[in-house]
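K.L.:
Sequence and predicted structure, then a few things I'm wondering about:
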There are 2 protein chains.
Amino acid sequence: MGAQDPVRGQGAPDDGAVSGFVERFAAELAAAGVPRMPARIFACLMAEDSGVLTSAELSERLKISPAAVSGAMRYLTQVGLVSKEREPGSRRDRFRVLDDVWYESLTRRDEVLLRWVRVLREGETTVGPRSRAGERLAESADFFDFMIEELAGMLDRWKALRAEGRGIAP
Amino acid sequence: MGAQDPVRGQGAPDDGAVSGFVERFAAELAAAGVPRMPARIFACLMAEDSGVLTSAELSERLKISPAAVSGAMRYLTQVGLVSKEREPGSRRDRFRVLDDVWYESLTRRDEVLLRWVRVLREGETTVGPRSRAGERLAESADFFDFMIEELAGMLDRWKALRAEGRGIAP
DNA sequence: CCGTAGTTTCACAAGTTTGTGAATATTGGG
DNA sequence: CCCAATATTCACAAACTTGTGAAACTACGG
């Protein structure tokens, strides 16, 4: 009963161990603010070879109701971590984790940063630009403006690094 | 009854407006995952000229119980956003928001990132490094490793920029 | 057009989190 | 060494969140 998948070259991944990873990873995400169910589903998709799973499969692997899957999916598609597709001729939705999730999700990050900057600048004028509090708020806003730019640069460098590592090999 | 603070050069900030800013800023922070009370207290300190407030003052301005202040402070000092001090000869704690909060707090950020990397690498071996899932997890780990380095560089650049802007002026 | 596989919505039960009042502990001053 | 001023802890109540079962909805296949 050991290895039922002699096809793969280096030993079949054992379901229990994978599920252990899924839960640990989900816990990390949850600690970072992602709601439980979305975190578990996302981790599950990441650990899936195809990166695609149907609602029923998720429901079964994670032992949760279809309703929970549906709700979590609203969240995940909302924040753009997962996309929903349906193959023609079937009624089942299939959920896919994108290959460059992190890249994409960081791209969207600066919307948040921009909101912070706006609130802070507004606070600066409210409190008086020449006051110490005003200076503190202004400096914070400057910092986030700086971050927005740096973030863009960083993502460019990452893309370049990837292209180099993959594309131009001998 | 309009301006009771003819001292300041450009009009006294009005309490209502400031409180409005505090609540809006706190709401942004809360949306980003900071618990409500800590967020409000932090925003309040940011909008305070001295950057320092006693427990009683916070309790009064935010209309919350001393217990709530105490609890929130445990959180804020924990994550290093605020420091607690007591002036000799008094029994009152004074809470201070540091000048370079954001800088400091981002410095601590890579602990989280490092944990993520570890979990992902572990998942990579669990799932099989040669599988598609393994590659996906490995690439994620690479991305976060990359981010850890970039973060350090970014903070250096910020510090340099500040030093330049302030110190070496004519 | 009807039947059915699948998804979404809804009302609610269970579990968490959050903030409070009261009691308890701590610390500086007399 | 005791008193008063603060701070912290605790048990609990209220509010919010989360996941479920069941009902309602959608859309493909015949």
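P.N.:
Now that the structure is in, tell me what you want to look at.
K.L.:
So the residue sitting furthest away from the middle of chain A: helix, strand or coil?
P.N.:
When distances to the mean C-alpha position of chain A are computed (CA atoms, centre = their mean), the maximum falls on residue A:130, with 40.5 Å. When classified by DSSP: H, G, I helix; E, B strand; the rest coil, residue A:130 comes out as coil.
K.L.:
For DNA strand D, see how far away it is.
P.N.:
Counting by CB to the nearest atom of the strand, to the nearest Å, the separation of residue A:130 from DNA strand D is 31 Å. C-beta: built from backbone N, CA, C; applies to glycine.
K.L.:
With residue A:60 instead?
P.N.:
Taking CB to the nearest atom of the strand as the criterion, residue A:60 is separated from DNA strand D by 12 Å.
K.L.:
That residue belongs to a strand?
P.N.:
No - when the secondary structure is assigned by three-state DSSP, residue A:60 falls in helix instead of a strand.
K.L.:
Tell me how many other residues surround it.
P.N.:
Applying the criterion other CB atoms under 10 Å in any protein chain shown, we find 11 residues in the vicinity of residue A:60.
K.L.:
can you give me the helices for chain A?
P.N.:
A:15-31, A:36-46, A:55-61, A:66-78, A:101-127, A:132-167 (DSSP state H).
K.L.:
can these go into CSV with extra columns for mean pLDDT and distance to chain B?
P.N.:
CSV is the format used below for the helices of chain A (pLDDT from 0 to 100; distance: least, CB to the nearest CB, whole Å):
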stretch, mean pLDDT, distance to chain B
helix A:15-31, 92, 4
helix A:36-46, 96, 6
helix A:55-61, 95, 14
helix A:66-78, 94, 14
helix A:101-127, 94, 4
helix A:132-167, 93, 5
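K.L.:
pretty sure residue A:34 contacts residue A:42?
P.N.:
Yes - shown here, residue A:34 and residue A:42 form a contact pair, counting by CB atoms under 8 Å, at 7.4 Å.
K.L.:
These two: which has the busier surroundings?
P.N.:
When residue A:34 is set against residue A:42 and neighbours are counted by other CB under 10 Å, the residue ahead is residue A:42, at 24 against 20.
K.L.:
so who does the more buried one touch?
P.N.:
Contacts here follow CB atoms under 8 Å, 6 or more residues apart in numbering or on different chains; on that basis residue A:42 touches A:26, A:29, A:34, A:76, A:81, A:82, A:97.
K.L.:
Could you measure from it over to residue B:54?
P.N.:
Relative to residue B:54, residue A:42 is positioned 44 Å away (CB to CB, to the nearest Å).
K.L.:
related to what we said a few turns ago, which one of the helices of chain A is the most hemmed in?
P.N.:
Most buried of the helices of chain A by mean neighbour count (mean count of other CB atoms under 10 Å in any protein chain shown) is helix A:36-46; its value is a mean of 23.
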